[in-house]
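In: heads up, no residue letters with this:
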């Protein structure tokens with residue numbers, strides 16, 4: 001009977017450990033200072049409450065447990081703003097990504113001429129700062145400032161019923177080109193041999209786009225959707241600018257505006273609690289959407 005020796009596993013030696021550490025340490029420091037530390041600071045602040053000794057006593061911050069979070073869940077304005085942004089996202093995100101996908105497919109089509117011009121034209125709005133874009137579109141929607149008075153005097157784009165979708169128009173106009181470039185870059189990475197094989201089988205451009213291109217760029221579409229979900233709940237600049245054009249946009253119109261208004265009272269502890277709850281909500285929605293798409297893709 002022969003005895004076979006078990007193979008000895010050799011530990012893989014990682015070369016250039018010092019160089020790797022040298023490159024990672026600056027990132028780690030910046031990540032800790034500007035990402036981890038603010039989150040921890042917000043969590044700590046959200047557990048504090050202000051108390052005074054007597055009516056005119058000195059104010060001091062003491063540990064209050066979940067007292068601020070109780071106020072968050074009792075705040076109807078905050079949850080109304082969250083619901084408003086969820087409605088915003090359900091309508092605006094699919095429209096924006098649908099347009100981005102359509103433009104990316106057009107740019108990738110061999111039938112379209114002038115691709116450089118259209119690629120630049122689609123992307124230019126993203127180069128416009130969000131505040132400037134909101135001022136520009138707010139002026140166009142305002143009956144007193146718009147050159148299209150025949151339309152704006154008959155359709156109240158800044159009224160309570162339409163102002164949310166006027167803001168959605170601004171966000172869509174700005175970010176369609178950005179999402180288009182992400183999807184278009186994914187299309188460029190598809191091997192051309194797949195298209196040639198499909199043409200030999202008799203597939204036309206529409207069939208190639210529907211059956212080959214869209215399924216292969218699905219990860220890019222999911223990524224842009226996650227970015228859009230995060231951006232929707234963080235919306236601030238556009239509605240903040242629209243406050244100067246419309247009385248329908250209040251100081252608590254979006255979750256971030258609620259946080260900003262609360263911090264300006266000032267009540268930084270409650271604002272920190274709002275921020276933590278908003279961050280958790282954003283994480284749950286984006287992570288849940290990602291897992292849902294992964295399960296759907298594996299089904």
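Out: That came through fine. All figures in this text were calculated on a predicted structure; none of them were measured in a lab. Numbering: from 1, shown residues only.

In: hey, let's count contacts and neighbours off CA atoms from now on
Out: Noted.

In: tell me which strands and helices the lengthiest helix in the chain is in contact with?
Out: Longest helix in the chain by number of residues, with DSSP state H as the criterion: helix 76-108. Helices and strands touching helix 76-108, by 3 or more Cα pairs under 8 Å, 6 or more residues apart in numbering; DSSP states H and E, are helix 115-127, helix 163-188, helix 218-233, helix 255-263.

In: could you check the angle helix 218-233 makes with it?
Out: An angle of 150 degrees separates the directions of helix 76-108 and helix 218-233 when computed by axes from the mean of the first three to the mean of the last three Cα atoms, to 10 degrees.

In: Figure out the length between the terminal residues of stretch 247-255.
Out: Across stretch 247-255, the straight-line distance between its terminal residues is 18 Å, by Cα to Cα, to the nearest Å.

In: Quick one: mean pLDDT for that stretch?
Out: Stretch 247-255 shows an average pLDDT of 93 in the prediction.

In: ok, the spatially most central residue of the chain to residue 104 distance?
Out: Within the chain, one residue has its C-alpha closest to the average C-alpha position: by Cα atoms, centre = their mean, that is residue 231, at 2.2 Å. Between residue 231 and residue 104 the distance is 21 Å, computed by Cα to Cα.

In: now do residue 15
Out: Here residue 15 is placed at a distance of 41 Å from residue 104 (Cα to Cα).

In: same check, this time on residue 206
Out: Taking Cα to Cα as the measure, residue 206 and residue 104 are separated by 14 Å.

In: got a list of what the residue nearest to residue 134 when sequence neighbours are not counted touches?
Out: Computed as Cα to Cα, 6 or more residues apart in numbering, the closest residue to residue 134 that is not its neighbour in sequence is residue 238, at 5.3 Å. When the contact criterion is Cα atoms under 8 Å, 6 or more residues apart in numbering, the partners of residue 238 are 130, 131, 134, 167, 170, 171.

In: any chance of those in JSON lines, plus neighbour count, pLDDT and distance to residue 148?
Out: What follows is the contacts of residue 238, written out as JSON lines (neighbours: other Cα atoms under 10 Å; pLDDT from 0 to 100; distance: Cα to Cα, whole Å):
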{"residue": "130", "neighbour count": "19", "pLDDT": "89", "distance to residue 148": "22"}
{"residue": "131", "neighbour count": "15", "pLDDT": "92", "distance to residue 148": "22"}
{"residue": "134", "neighbour count": "24", "pLDDT": "95", "distance to residue 148": "17"}
{"residue": "167", "neighbour count": "23", "pLDDT": "96", "distance to residue 148": "18"}
{"residue": "170", "neighbour count": "20", "pLDDT": "96", "distance to residue 148": "17"}
{"residue": "171", "neighbour count": "22", "pLDDT": "96", "distance to residue 148": "21"}
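
In: what comes up buried for the strand or helix carrying residue 272?
Out: Residue 272 is located in helix 268-298, with elements delineated by DSSP states H and E. Neighbour counts over helix 268-298 (16 or more other Cα atoms under 10 Å) mark 268-278, 282, 286, 289-290 as buried.

In: Looking at residue 206 and residue 104, which is more packed in?
Out: residue 104 (24 against 12; other Cα atoms under 10 Å).

In: quick one: the more buried one and residue 215, what's the gap?
Out: Distance from residue 104 to residue 215, counting by Cα to Cα: 14 Å.

In: again with residue 267
Out: Look at residue 267 and residue 215: by Cα to Cα, they are 48 Å apart.

In: now do residue 277
Out: From residue 277 over to residue 215 the distance is 35 Å, taken as Cα to Cα.

In: cool, residue 85 as well?
Out: Per Cα to Cα, residue 85 is found 29 Å from residue 215.

In: out of these two, which sits in the more crowded spot?
Out: Shown here are residue 85 and residue 215; by other Cα under 10 Å, residue 85 has more neighbours (22 against 12).
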